[in-house]
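In: output the structure for:
(chains A, B, C and D)
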Protein chains: 2
Amino acid sequence: MKLPATAPKPLRRDARRNYEALVTAGKAVFAGSGVDAPFEDVAREAGVGQGTLYRHFPTRDHLLVAILQERVDFLDAKARELLDAPDAWEALSEWLRLFDQSATEYGGMSARLGNSLTVDGSPVATLCGPMKTSFANLFERAKHETPLRPDITPIPLLAMISGLPKEPQTGKTLEPCLEVVLSGLPSGPDGREGSTRT
Amino acid sequence: MKLPATAPKPLRRDARRNYEALVTAGKAVFAGSGVDAPFEDVAREAGVGQGTLYRHFPTRDHLLVAILQERVDFLDAKARELLDAPDAWEALSEWLRLFDQSATEYGGMSARLGNSLTVDGSPVATLCGPMKTSFANLFERAKHETPLRPDITPIPLLAMISGLPKEPQTGKTLEPCLEVVLSGLPSGPDGREGSTRT
DNA sequence: ACCTGAACACCGTTCAAGT
DNA sequence: ACCTGAACACCGTTCAAGT
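Out: From the prediction side, this is the model:
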């Protein structure tokens, strides 16, 4: 079930070499200049023509899928694994922390991932489909054990975490913000359940 | 202290007319197509040449300042006013709700505003300076009355709210997400203060 | 002084010619 | 089949010529 991160279709030897060079170059360029770096830079870094880049990855999103593949697969597996963890709430927050850390290697990736989670149809959205389902299960189990705010649902929660502010230097999420979200999830057993409207 | 939303410098009659047409056009275009709409559209909508647009607003950020001016002034005044409100926590959450609603008329404005809050030097950052100070006061007062998580600070909190996910249709923030943040702010008096690390 | 719109530059995307 | 790189298109920015 866990495929290596290579091209999906059988490819001529040189084409496969280019495909892999492009994914590697994409990781390098996006890590260095963020996910909005000039697409041409990726081709140059990989040492191929622009046409070759577009042949393999018709849109930026397609390249991002190849780059995120492994990590998303990992998160999906982890979510299913944590369904058996003794403490459902702990399992949920552990997974959310992993999720948060997953997109922070590339500047701007997190925000982009957040969008893809809420909109359907894009290649990244398709990639994340199984992971979203697995996470929803983990979320529901936690909700059953620890009462969570009734109005919050799994996907907006992930989008919310994706949009948390980052340290300019490291690109990592500001820890306290993530903590605020986590501690805001349970419906307050002490009566403080998020001030009323008006 | 409250100036009308006109050009900062004395201007020739036609120049002033153009300035105001550009701000109006900017609001219309950004409301319709989001704050990343082609800059040229703004000039066309205002019925002026591109050079005129760039003369008045050397960067997109400068135009956004003119557009946000009134609203930011309002938020600043409101923050100072709420310092006298009887319930400091209520005052804080009321202001945060207003803040959240302020950038949702223009697609993408909220995210952009969030960035400007954390980075210094940009025109929008300068615009927001006084408001940030006024809000910090409101925040500190609330913290004194209701113990808040000790690690969360005013500016990241604003950045966090700016980055909350939006309904694709209306552009408004998903209510439940804002509620999660608000209810996550107080440091849990019941011992649940956001799970520990590791 | 200020305005206009053509010119320039940059980058995303396509495609004719090559292997 | 796949690759290359020049060509095209789009849009942000500048600037020479006009009022």
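
In: who touches stretch A:18-27?
Out: For stretch A:18-27, the external contacting residues (C-beta atoms under 8 Å, 6 or more residues apart in numbering or on different chains) are A:5-7, A:11, A:42-43, A:45-48, A:52-53, A:56-57, A:63-64, A:66-67, A:106. For every residue, glycine as well, the C-beta is placed using N, CA and C.

In: try 10 Å this time
Out: A:5-9, A:11-12, A:35, A:37, A:39, A:41-49, A:52-53, A:55-57, A:60, A:63-64, A:66-67, A:69, A:105-106 (C-beta atoms under 10 Å, 6 or more residues apart in numbering or on different chains).

In: is stretch A:96-106 in proximity to chain B?
Out: Yes: Stretch A:96-106 reaches chain B (C-beta under 10 Å from any C-beta of the partner chain) through A:96-97.

In: the contacts of stretch A:18-27 in helices, which ones?
Out: Counting by DSSP state H, the contacts of stretch A:18-27 place A:39, A:41-46, A:52-53, A:55-56, A:60, A:63-64, A:66-67, A:69 in helices.

In: burial count for A:R13?
Out: Using other C-beta atoms under 10 Å in any protein chain shown, A:R13 has 7 other residues around it.

In: burial count for the residue of chain A at minimum distance from DNA strand C?
Out: The nearest approach of chain A to DNA strand C comes at A:G51, 2.9 Å away (C-beta to the nearest atom of the strand). Neighbour count for A:G51, taken as other C-beta under 10 Å: 9.

In: what's the pLDDT at the residue lying closest to A:F135 once chain neighbours are set aside?
Out: Nearest residue to A:F135, sequence neighbours excluded (C-beta to C-beta, 6 or more residues apart in numbering or on different chains): A:A79, at 5.0 Å. For A:A79, the pLDDT comes out at 98.

In: picking that back up, residue contacts, the residue of chain A closest to DNA strand C?
Out: Applying C-beta under 10 Å, 6+ apart, we find A:G51 in contact with A:A43.

In: so who does the nearest residue to A:S110 once chain neighbours are set aside touch?
Out: Spatial nearest neighbour of A:S110, chain neighbours left out: A:A103 (4.0 Å); criterion: C-beta to C-beta, 6+ apart. A:A103 makes contact with A:35, A:68, A:71-72, A:109-114, A:161-162, A:166, A:171, A:173 under the criterion C-beta under 10 Å, 6+ apart.

In: how about the residues of chain A by DNA strand D?
Out: The interface of chain A toward DNA strand D, taken as C-beta under 7 Å from any atom of the strand, is made up of A:11-12, A:14-15, A:18, A:47-52, A:55-56.
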